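> Okay, here's the prediction I keep looking at, along with the sequence it came from:
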Amino acid sequence: MGTEGLGYYRDVPSGKKMKKGKKKVSEEPDRGGKRRRLEKGAAAGVSDAVAGEAAPPQAYVTEDNRSGPEPSSIKNKERRRKFYLQQKAQKKQDKREGRAKRTRDEKELKEQGLPVPERMPQKTIDNQRVFDETVVDPEDEEVALDQESDELASYFDGTPPKVIVTTSINPKGDTYKFAEEMINIFPNSECIPRKTASLKSIIKGAIERGYTDIVVINEDRKKPTGLVVCHLPNGPTAHFKLTSVKYNKDIKGRGRQTTHFPEVVLNQFHTRLGHQVGRLLNALFPQQPEFTGRSVVTFHNQRDFIFFRYHRYIFKNAKKVGLQELGPRFTLKLRSLQQGTFDTKYGEFEWVHKRKEMDISRRKFFL
């Protein structure tokens with residue numbers, strides 16, 4: 001049998017066996033691979049030329065292409081990234097120039113005594129808030145009458161606060177550290193170890209000893225995660241979620257706290273629920289601040305998150321005033337508000353946060 005028709009045999013000298021598995025080597029070199037490479041290179045050149053016509057190397061942003069073309073239309077990754085960064089920088093520059101021009105125009109109008117057009121307010125989630133019928137005016141007569149007859153009315157008549165700070169059962173980790181810093185925040189307060197006592201028994205003993213408030217720090221995985229504030233003897237009781245805790249030692253440039261009674265500032269508590277929560281937090285501090293200490297406690301509500309900050313005024317000169325943070329800082333979010341003292345079984349809840357029913361819009365707020 002001849003071997004001319006078998007392409008997988010190799011030509012070997014006579015007298016030797018032929019091995020399988022290797023192709024037959026022809027005497028003339030195969031020019032097909034070189035031809036294919038040439039055809040592929042020509043096609044690539046044509047495609048590059050077409051791409052160059054469709055998306056010219058617009059690596060520089062000009063007046064004509066500030067709004068286009070879209071970076072996604074540029075196929076080359078490096079060119080697309082470079083064009084996007086230049087387009088972004090150009091938009092920022094245009095914005096700065098427009099702001100400066102508007103300021104110059106307003107200044108010229110004021111110098112000429114002409115009326116200055118009002119600027120359009122910037123759209124934010126806060127000023128696009130969904131209408132809430134419970135939003136009230138702090139100076140409303142009906143609100144004032146309700147505040148005169150609520151559970152906190154006797155305290156605002158001048159009763160000094162007396163606060164107990166305690167923890168959950170068998171606390172660990174940073175909970176003790178947070179309790180110590182809470183004692184430094186509330187004047188006339190003390191920390192009582194809870195051990196295994198129930199919260200109802202602690203409330204009963206605190207009422208007998210004349211305490212006005214109880215603050216309970218809950219923990220999870222050795223970290224403080226919750227805060228229960230109970231006003232005595234008739235409530236109300238609020239449960240907050242505790243996040244973003246930063247201790248005194250972690251705050252750079254912090255000042256040293258003093259024993260002066262701080263001034264309390266409540267910001268953006270607009271609804272009836274917000275007023276009640278604000279009064280409950282305000283009841284933890286004396287109503288006669290000592291302004292010589294220059295210390296101020298702020299509860300700032302923004303989108304139902306209550307940010308706590310503790311500062312001191314620093315008078316640099318007769319016109320300039322600075323702030324020095326004393327710490328700690330943390331964030332509260334209301335979970336429930338209950339009438340009376342703490343009672344999870346028979347207590348009557350005025351408000352409970354239900355995520356699936358209430359968190360349906362980013363512009364809906366409750367405080």
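Yes, it's here.
> by contact count, what packs against the helix or strand hosting residue 281?
Residue 281 belongs to helix 272-282 when assigned by DSSP states H and E. For helix 272-282, the packing partners by 3 or more C-beta pairs under 8 Å, 6 or more residues apart in numbering; DSSP states H and E come out as helix 141-148, strand 223-231, strand 263-267, strand 295-302, strand 329-338. C-beta here means a position set from N, CA and C on the backbone, and glycine is covered the same way.
> Pull the residues that contact the first one.
Spelled out, that is helix 141-148. With C-beta atoms under 8 Å, 6 or more residues apart in numbering as the test, helix 141-148 has contacts from 136-137, 153, 156, 272, 275, 279.
> how distant is that helix from the center of its chain?
On the basis of C-alpha atoms, centre = their mean, to the nearest Å, helix 141-148 sits 34 Å off its chain's mean C-alpha point.
> Quick one: mean pLDDT for that helix?
Helix 141-148 comes out with an average pLDDT of 78.
> Would you mind extracting the C-alpha trace of that helix into CSV?
Taking Å, rounded to 0.1, in the frame of the first residue of the first chain, the C-alpha atoms of helix 141-148 are listed here in CSV:
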residue,chain,number,x,y,z
GLU,A,141,-51.8,77.7,70.8
GLU,A,142,-53.1,74.2,70.6
VAL,A,143,-49.6,72.8,70.8
ALA,A,144,-48.8,75.0,73.8
LEU,A,145,-52.0,73.7,75.6
ASP,A,146,-51.0,70.1,74.9
GLN,A,147,-47.5,70.7,76.3
GLU,A,148,-48.9,72.2,79.5
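> quick one, it and helix 272-282 angle?
Interaxial angle of helix 141-148 relative to helix 272-282 (axes from the mean of the first three to the mean of the last three C-alpha atoms, to 10 degrees): 40 degrees.
> which strands and helices sit next to the helix or strand just after helix 141-148?
Where DSSP H and E defines the elements, the next helix or strand beyond helix 141-148 is helix 153-156. For helix 153-156, there is no helix or strand it packs on, judged by 3+ C-beta pairs under 8 Å, 6+ apart.
> centre of the chain versus helix 153-156, how much separation?
In terms of C-alpha atoms, centre = their mean, the centre of helix 153-156 is found 34 Å from the chain centre.
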